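Enquirer: My questions are about this predicted structure, shown below with the sequence.
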Amino acid sequence: MKSYVLMGLLAATAAPGAARAEVLVSGIVDVLVDGGNNYTWEKVTLPGTKCGNGSQYKFFVHRSGTGSKNLLFFFEGGGACWDYDTCSGRAGVLGASNPNGLTDDYMTQFTAKYVSPIVNGADPGLPFRSRKDIATKDWNIVYMPYCTGDVHVGNNTVTYTDTTGQQPPLTWYHSGYTNSIAAINYAKQQFPSVEKLLVTGFSAGGTATSAGYYFVRRGINPARGYFLNDSGPIYLAPNVNDRSRPLHDKIRQSWSLDSVFSQLPASFDRNNMGTINRMLAMEFPNDQLAYTAYSRDYNYSRFSYERFYTPNDKETVLSYWKQDQDKLVAELNLYNNYSYFIPHERAINASHCSTIITFVGAHACQKMEKKYWYEYASEPWQSYKCRSEFVPMDVFLQRFINENQRIRIYEPANGYNAEDPGMGILAPLINGALEG
């Protein structure tokens, strides 16, 4: 097994400061091996597309080396913004990524190079664990960097005022919708006969996966469609007192989402954004749709509740998250074409995102339980045991994409990953890199 020194790791939550969420920060972490891609990427710039600061938007295309007819349409994540602090970068972790735009060599930087095994077509190896090819190996790819703070679907230009009076007003272009539509139309020209289309992304890109799937699916028109929303849930919020309603109301106004919502089928209720899940299931009954996240995600949950509620300590925020997640799972259970893969927690990146960096710790068991006293002999450090099938993320993807299976695993609360000695070594190294 070849070993490489990784000079940075994905910050899906980002260190405070200008280099924020979902960018790879500098640092030597000699734990990931064979991890990144060395793809040839084509930079695409189209008229009318722009980043939040008004600079030219860029997306990137990789063409399969084997003539594959399959296409991965990947939405990068990286927070969100709706005021001066979050759009300027001053809010740090609770803001939007790439507030200063995108460089031409973006795909050679750590963000895109190591962002996800799904992009790289393989789960990176670790010491004593070989690199493993996965279901998306050698697919064509459209990679959508994130620089608009609007989960790739905003449609508004706003001037945000610095409430401290220290800085001049900031004009911000929430042009994610325009950028996405332009990329979709370009992809259709370049890949006119797609067999399998997988739309996916993590965090804000996960939200974009659900919010934008209708447009990507209609525009590219593949023989078979799939989407996997990683840790960007659009929760049900039909009433003003629902937990996710304040966030939904805020972004609906700031990003002028009604101008986008008006194009969706009638099965979507713009006053309850969580009905996007119902609409997609009904609109594309033969597609495979899926959601994955951790029950202890302490990143997206902060976006959802921390700025809108008190108390907002960690356990309170996570309790709100679990309540909304339970409602989401009940909703997905109503539709035959929805899968879900929800592990309990992973010490990497505050349990945020299942498909970033490495699949280590990205596994789920429907019946994870405490061991009986006589079961400790083989693994005395581990007090939990899976009493159903133990499913790693790469197996989930194989069954979901290649075998068209519906998989539903909602793992109960447990300490399996917390007690794993390997995770105890790996997680601090990765998290240390994320903190800069």
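Expert: Sure thing, it's come through.
Enquirer: From now on I want contacts and neighbour counts done on CA atoms only, so please keep to that.
Expert: OK.
Enquirer: so where do the strands sit in the stretch 101-250 of the chain?
Expert: All strands of the stretch 101-250 of the chain, identified by DSSP state E, counting those that start in this stretch, fall at 122-123, 132-133, 140-144, 156-160, 170-174, 196-202, 224-230.
Enquirer: same question, the stretch 301-436 of the chain
Expert: Going by DSSP E, counting those that start in this stretch, the stretch 301-436 of the chain shows strands at 338-342, 363-365, 368-370, 384-386, 390-392, 408-410.
Enquirer: still on that earlier bit, so which of the strands of the stretch 101-250 of the chain comes closest to Ser256?
Expert: strand 156-160 (5.5 Å; CA to CA).
Enquirer: buried residues in the closest one?
Expert: Buried residues in strand 156-160, counted by 16 or more other CA atoms under 10 Å: 156-158, 160.
Enquirer: Now the residues you listed in CSV, please, with extra columns for pLDDT and distance to Gln398.
Expert: What follows is these, written out as CSV (pLDDT from 0 to 100; distance: CA to CA, whole Å):
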residue, pLDDT, distance to Gln398
Asn156, 98, 39
Thr157, 98, 41
Val158, 98, 43
Tyr160, 97, 45
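Enquirer: With respect to Arg406, which of those residues is nearest?
Expert: Asn156 (37.4 Å).
Enquirer: Tell me how far the closest one lies from Asn140.
Expert: Plainly put, Asn156 is 31 Å away from Asn140 if you go by CA to CA, to the nearest Å.
Enquirer: before we move on, what about Phe202?
Expert: To Asn140, Phe202 is 19 Å away according to CA to CA.
Enquirer: Thr209 too?
Expert: 17 Å.
Enquirer: Give me the more crowded residue out of those two.
Expert: Each of Thr209 and Asn140 has its neighbours counted (other CA atoms under 10 Å); Thr209 has more, 31 against 24.
Enquirer: check contacts around the more buried one.
Expert: 75, 199-201, 227-229 (CA atoms under 8 Å, 6 or more residues apart in numbering).
Enquirer: Neighbour count, distance to Gly176 and pLDDT added to those residues, as TSV?
Expert: Formatted as TSV, the contacts of Thr209 follow (neighbours: other CA atoms under 10 Å; distance: CA to CA, whole Å; pLDDT from 0 to 100):
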residue	neighbour count	distance to Gly176	pLDDT
Phe75	27	11	98
Val199	26	16	98
Thr200	27	16	98
Gly201	31	14	98
Phe227	25	19	98
Leu228	27	19	98
Asn229	31	17	98
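Enquirer: Distance to Lys50 added to the residues you listed, as a markdown table?
Expert: Output for those, formatted as a markdown table (distance: CA to CA, whole Å):
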| residue | distance to Lys50 |
| --- | --- |
| Phe75 | 16 |
| Val199 | 22 |
| Thr200 | 22 |
| Gly201 | 20 |
| Phe227 | 25 |
| Leu228 | 26 |
| Asn229 | 24 |
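Enquirer: Return the member of the residues you listed nearest to Ser339.
Expert: For the contacts of Thr209, the closest approach to Ser339 (CA to CA) belongs to Leu228, at 9.0 Å.
Enquirer: Could you check how far the residue lying farthest from the centre of the chain is from Pro380?
Expert: Using CA atoms, centre = their mean, the residue of the chain lying farthest from its centre is Tyr374. It sits 40.3 Å away. In this structure, Tyr374 and Pro380 are 10 Å apart, going by CA to CA.
Enquirer: Next: Phe268.
Expert: 51 Å.
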